[in-house]
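Sequence first, predicted model second:
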Amino acid sequence: MVEWIMEPLGYSFFLRGLFAGLAVSVACGMLSGFIVWRGMAFLGDALAHAILPGIVVSVMFGFSMFLGAMGAAVVSVVAIGAITGQRGFKDDTAIGVIFTGAFALGIVLMNRVSTFKDLSHILFGSILGVGTGDVTAIAAVALIVVIMVSLFYKELLVTSFDPTHAIAIGLSPTVIQYGLLFLVAATTVISVQTVGVVLVLALLVTPAAAASLLSKNLPVIIVMSIGFAAFSVLAGFYASYYLDLASGAAIVLTLTLVFSAVFAMAKVKAGLLRKQ
């Protein structure tokens, strides 16, 4: 068993991927609770798809994929905010317009510059292929997320559950919302290398969805979310290495199994309490 665990650790590419995956799990776990409790799951999915054209453009012109994706994410956040600000438009309408348009543009650009096979890692992730530069960027963003959430935890909490009270005490829910959106956007960008555009929503939503079945205390949910995400990255990572599976799919399937197990436990516990 020990040999099975230690063998992959002798390869530098495995260590880079492992560190990157754990950093992503921390960033996603920190934000997952706020995303679920604020009902932002659709927005997380939209951002994951909206960054596709930025990634493809970076491939076309040979600059950092992170910069391309981050640029597209910022443009998407600003565009969603601008459309939402217009009278008569709701959040889901703005998100739907930007999400579908940006993703379609990304697919068109993919067809122009390369084959689907060449860029499939963008859609489905390639955690075993992360480079040193990728690891540095991922670690930096994860650290920023941890610092910002820690510094503005009370503001995020108040605006999440009582926007009226937040305004009364001098906070701006809109500013806090934009700040959270940019953190989600940055986390989405670093998660793409791990699980890909198609599956990144799972890391942003499923950990807190599982944790919410066990606790209603937000700090506890955040800690459990990080734990669930980290475990899924580890298990999926080893499965990807030994079974030659797509890394993103392996991680997300593990996370889904974790959620299923927690859901079953919660159901059993609820049944036992009703019988008492």
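Yep, that arrived. Predicted model, so just to flag it, every value in this text is computed and none were measured. Residues are numbered from 1 along each chain as shown.

In the protein, where's the longest helix?
Secondary structure assigned by DSSP state H gives helix 173-211 as the longest helix of the chain.

from the middle of its chain, how far away would that helix be?
Chain-centre distance of helix 173-211: 3 Å, with CA atoms, centre = their mean, to the nearest Å.

Could you point out the helix or strand that follows the lowest-mean-pLDDT helix or strand in the chain?
Ranking every helix and strand in the chain by mean pLDDT, DSSP states H and E puts helix 120-124 at the bottom, with a mean of 64. Later in the chain than helix 120-124, the nearest helix or strand by DSSP states H and E is helix 132-151.

Between the two ends of stretch 52-70, what distance do you get?
10 Å (CA to CA, to the nearest Å).

which of the residues in it are buried?
Neighbour-count burial for stretch 52-70 flags 52-59, 65-66, 68-70 (criterion: 16 or more other CB atoms under 10 Å). (Glycine included, C-beta is placed from N, CA and C.)

Please state the mean pLDDT value computed over it.
Average pLDDT, stretch 52-70: 81.

got a list of what the spatially closest residue to residue 71 that is not a sequence neighbour touches?
The shortest distance from residue 71 to any residue other than its chain neighbours is 5.2 Å, reached at residue 54 (CB to CB, 6 or more residues apart in numbering). Counting by CB atoms under 8 Å, 6 or more residues apart in numbering, residue 54 makes contact with 68, 69, 70, 71, 72, 73, 75.

which one of the residues you listed is nearest residue 250?
Residue 250 has its nearest neighbour among the contacts of residue 54 in residue 69, at 22.4 Å by CB to CB.

Does that closest one touch residue 58 like I think?
Yes - using CB atoms under 8 Å, residue 69 is in contact with residue 58, at 7.2 Å.

neighbouring contacts of stretch 34-49?
Here stretch 34-49 has contacts from 73, 76-77, 80, 91-92, 95-96, 98-99, 102-103, 106, 149, 156, 160-161, 180-181, 184-185, 188, 191-192, 197-198, 200-201, 204-205, 208-209, 212, 218, using CB under 8 Å, 6+ apart.

Just the buried ones out of these, please.
Using 16+ other CB under 10 Å, the buried ones in those are 73, 76-77, 80, 91, 95, 98-99, 102-103, 106, 149, 156, 160, 180-181, 184-185, 188, 191-192, 197-198, 200-201, 204-205, 208-209, 212, 218.
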